[in-house]
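Novice: fold the stuff below for me.
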Amino acid sequence: MSERTYPAQPIIGVGAVVIAQGRIVLVKRAHDPLKGEWNLPGGGVELGETLQEACSREVLEETGLEVRVGSVIEVFDRITRDTSGQVEYHFVLVDYLCRVVGGTMRAGSDASEIALADPFDLDAYALNEKARQVIDRGMALLAEEV
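Specialist: Below you'll find the model as predicted:
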């Protein structure tokens, strides 16, 4: 068991709606939870790291892209229980709107693949409902900033 499975307390994590060339950067998860599923880049906050630093680091590690971390899109819980009802995963996630400022896109660390997706045509990626909601909210925030 890793520190992330069956935790003693919730784990703080970050996610990013990364805007690149008018598209959204998606990663296919290489590890559980959500292994093999397309999702937003992100991961756990390390001790001594701010939420924004964690977001920037996770995006760089997973995508090779350097980003400017912008507004908070949403804060939510992701709780997964095993078949006996015990909490297997509990993350408190903070998702940010991010813009690419450098780097070269490539799949890295926890990502087996990477894609630039049209934010209004995501069906091919079979994203979970929460990811789609976060992307929609991120696009609405982006429109407000223009």
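Novice: for the rest of this, base every contact and every neighbour count on C-alpha atoms.
Specialist: OK.
Novice: using the three-state scheme, assign residue 89.
Specialist: strand (DSSP: H, G, I helix; E, B strand; the rest coil).
Novice: hang on, isn't it packed against residue 8?
Specialist: No. Counting by C-alpha atoms under 8 Å, residue 89 sits too far from residue 8 to count as a contact (10.0 Å).
Novice: count of neighbours near the nearest residue to residue 103 once chain neighbours are set aside?
Specialist: Distance criterion C-alpha to C-alpha, 6 or more residues apart in numbering; nearest residue to residue 103, sequence neighbours excluded, is residue 65 at 4.4 Å. If you count neighbours by other C-alpha atoms under 10 Å, residue 65 ends up with 23.
Novice: my guess is residue 65 contacts residue 107. True?
Specialist: No. Checked against C-alpha under 8 Å, the pair residue 65 and residue 107 is beyond contact range at 9.9 Å.
Novice: contacts only, for the residue of the chain most remote from its centre.
Specialist: In the chain, the residue that sits farthest from the middle, by C-alpha atoms, centre = their mean, is residue 84; the gap is 27.7 Å. Contact criterion C-alpha atoms under 8 Å, 6 or more residues apart in numbering gives no residues in contact with residue 84.
Novice: this protein: strands as residue ranges?
Specialist: With strands called from DSSP state E, the chain shows them at 11-20, 23-29, 38-39, 42-44, 65-81, 87-103, 111-117.
Novice: would you reformat those as CSV and include distance to residue 56 and mean pLDDT?
Specialist: CSV is the format used below for the strands of the chain (distance: least, C-alpha to C-alpha, whole Å; pLDDT from 0 to 100):
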stretch, distance to residue 56, mean pLDDT
strand 11-20, 9, 97
strand 23-29, 14, 95
strand 38-39, 16, 94
strand 42-44, 9, 94
strand 65-81, 6, 96
strand 87-103, 9, 96
strand 111-117, 15, 93
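Novice: between those, which one is nearest to residue 142?
Specialist: strand 87-103 (7.8 Å; C-alpha to C-alpha).
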